[in-house]
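> From the sequence below, what's the structure:
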Amino acid sequence: MIEPVIFLPGLMCDARVFTPQINELSRSYPVQVAHYGNAENIRTMARKVLDSAPDRFALAGHSMGGIVAMEVLRRAPERVTRLALLSTTPLSETPAEAAWREPLIARARAGALDEVIGETLTADNLAPGPQRAALMRLLRDMALGLGAETYMRQSRALQRRRDAQNLLLSARLATLILCGRHDRLTPVRRHEAMAQMVAHSELVVLENAGHLPMLEAAEEVNAALRAWMARPLMLR
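Here you go, the predicted model:
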């Protein structure tokens, strides 16, 4: 069976955040990138993914997309052949984190989305180097293309998300957990904890990447995804 691969982008990102991976994996597998439309919570995002997905598929989610991926697994475990969680978290939002989002949501509503994006993911969450500026410009371009209403919906969805730790503890499928050493938003220790939860997981920490490893260390991410797709399917 040639498994389709579905990529799930993070907050205010579109397919461009997975460009190197689409280019690489589409040589061997059917590839699609999810679009959440006007979904207002993680459950609805997961339903939209399932509504447009093949019967069975490999699932790779980045940041908010990883949270959606875990919800997809919760809702339809028999359809997910393998799981990749990139720069993400299984935890629900703390009251402090939810409160931090409130002024950002208000400013986005007031027309300051450009500034808000730069504060939602600051440049120091990326690996040092000249590519930082180009990646921040790309994030801005993706976000402005999606617009303030999408930012507000996705931020509310993150505030209200469910904890997925018990889900990971019960997961029985080939799982890749990947992050960048310079990511302070979803730090390495959180990925180490996820790897301990999932029985059949592989942890990959990229030394020269931050919160956007797919673009910061594309060749290493591609290699990790290739190895993940080569792992045998597990009987469940």
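
> alpha carbons only for contacts and neighbour counts from here, please
OK.

> how about the most centrally placed residue in the chain, what does it touch?
The C-alpha lying nearest the average C-alpha coordinate of the chain belongs to H62 (CA atoms, centre = their mean; 1.5 Å). H62 makes contacts with 7-10, 85-88, as judged by CA atoms under 8 Å, 6 or more residues apart in numbering.

> Tell me which of the residues you listed fall in strands.
Residues from the contacts of H62 lying in strands, with DSSP state E as the criterion: 7-8, 85-86.

> my guess is A60 is in a helix, correct?
No - secondary structure of A60 (DSSP: H, G, I helix; E, B strand; the rest coil): strand, not part of a helix.

> If we ignore the residues flanking it in sequence, what's nearest it?
Taking CA to CA, 6 or more residues apart in numbering, and ignoring the residues beside it in sequence, A60 has A84 as its nearest neighbour in space, at 4.4 Å.

> distance of that neighbour from L173?
Using CA to CA, to the nearest Å, A84 is found at 10 Å from L173.

> More neighbours: these two, which one.
A84 (25 against 20; other CA atoms under 10 Å).

> dump the residue contacts of V116.
Residues 104, 107-108 are the ones in contact with V116 under the rule CA under 8 Å, 6+ apart.

> Tabulate those residues (JSON lines), appending pLDDT.
Rendered in JSON lines, the data for these read as follows (pLDDT from 0 to 100):
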{"residue": "L104", "pLDDT": "97"}
{"residue": "R107", "pLDDT": "97"}
{"residue": "A108", "pLDDT": "97"}
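
> Would you report which members of these are assigned to helices?
Counting by DSSP state H, the members of these that fall within helices are 104, 107-108.

> Report the residue ranges of every domain in this structure.
Per the record, the chain has its domains at 5-92+162-230, 95-154, by automatic domain parsing.

> deepest of these, which one?
For the domains of the chain, the stretch with the most neighbours on average is domain 5-92+162-230, a mean of 20; neighbours defined as mean count of other CA atoms under 10 Å.

> what about that one, how long is it end to end?
13 Å.

> Could you report the distance from the residue lying farthest from the centre of the chain to L168?
Computed with CA atoms, centre = their mean, the residue of the chain farthest from its C-alpha average is A110, at 27.1 Å. As for A110, its distance to L168 is 38 Å (criterion: CA to CA).

> Kindly report the same for H182.
For H182, the distance to L168 - CA to CA - is 24 Å.
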